[in-house]
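S.K.: Turn this into a model:
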Amino acid sequence: MVLSNDIARDLLEIKAVQIRTDRYFTWTSGIESPIYCDNRLTMSYPKIRAKIIEAFVELIEQMDEKPDVIAGCATAGIPHAAWIADKLDLPMIYVRSKPKGHGKGNQIEGKVEDGQKTVVIEDLISTGGSSIDSAKALQLEGVYVLGVLAIFTYGLTKAKKQFDEMKLSHQTITNYDEILNLLLADGIINEYENKKLQEWRNEL
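M.R.: Here you go, the predicted structure:
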């Protein structure tokens, strides 16, 4: 993708993606990680988010089948799904992590119809769990999920395995390896650090 490298650099510059080789971040799960990813920050940068939407649209236009509706994963996928839907002049829905505990108890917000085709928009793919849960919720409503699109992925084996088991395609604009390549090219990390960062991801 033409914009992949450009957006990877944007994510580093606004610190949406940070790499630390000396003092690891701690994820909510307790995993010690050299990478911290918060793509929600992209909402605050109009030029960067415009590039991200352009890249998402490019991925959608390359699909053999086109969506009837754009689905965002709550919460971080919602704004990007809305901008994509606006750009493509398509309806938009979003999927909660679980049904509401009040009102109509909806898990999917917006109008969905049996037989519609959709793409699921996420900001980040780690293990793939939240994206897959959203896809399952949509499938239960008779919606055909063409695939999952996200801004960034760590490239974890667990995610690939889960998507393969679901027979669900997934693509991202940029990824962990592209970030490492940029950091190495810029001299921010050295070959040894690059190797250790690769090993961390491959062993996770």
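S.K.: partner residues bridging the residue lying closest to residue 80 once chain neighbours are set aside?
M.R.: What sits nearest to residue 80 in space, not counting adjacent residues and going by CB to CB, 6 or more residues apart in numbering, is residue 121, at 5.3 Å. For every residue, glycine as well, the C-beta is placed using N, CA and C. Beta bridges link residue 121 to residue 72, residue 149 when assigned by DSSP bridges.
S.K.: Please read off the pLDDT at residue 121 from the model.
M.R.: In this model, residue 121 is scored at 98, pLDDT.
S.K.: measure the closest residue to residue 35 other than its chain neighbours to residue 78 for me?
M.R.: Leaving aside its sequence neighbours, residue 35 sits nearest to residue 19 (CB to CB, 6+ apart; 5.6 Å). Going from residue 19 to residue 78 by CB to CB, to the nearest Å gives 27 Å.
S.K.: Once you drop chain neighbours, what's closest to residue 147?
M.R.: residue 169 (3.8 Å).
S.K.: Who are the contact partners of that neighbour?
M.R.: When contacts are counted by CB atoms under 8 Å, 6 or more residues apart in numbering, residue 169 touches 146, 147, 148, 163.
S.K.: Next one: residue 46 relative to residue 10, how far apart?
M.R.: To residue 10, residue 46 is 12 Å away according to CB to CB.
S.K.: same deal with residue 90?
M.R.: 25 Å.
S.K.: Please identify which of these two sits among more neighbours.
M.R.: A direct count of neighbours by other CB atoms under 10 Å for residue 90 and residue 10 places residue 10 higher, at 20 against 17.
S.K.: Mind listing what's buried along stretch 50-69?
M.R.: Going by neighbour count (16 or more other CB atoms under 10 Å), the buried part of stretch 50-69 is 51, 52, 53, 55, 56, 59, 60, 67, 68, 69.
S.K.: List the neighbours of the strand or helix carrying residue 183 that are in contact with it.
M.R.: In this assignment (DSSP states H and E), residue 183 forms part of helix 176-185. Residues from elsewhere that reach helix 176-185 (CB under 8 Å, 6+ apart): 4-5, 8-9, 11-12, 17, 19, 35, 152-155, 189-191, 194, 197-198, 201.
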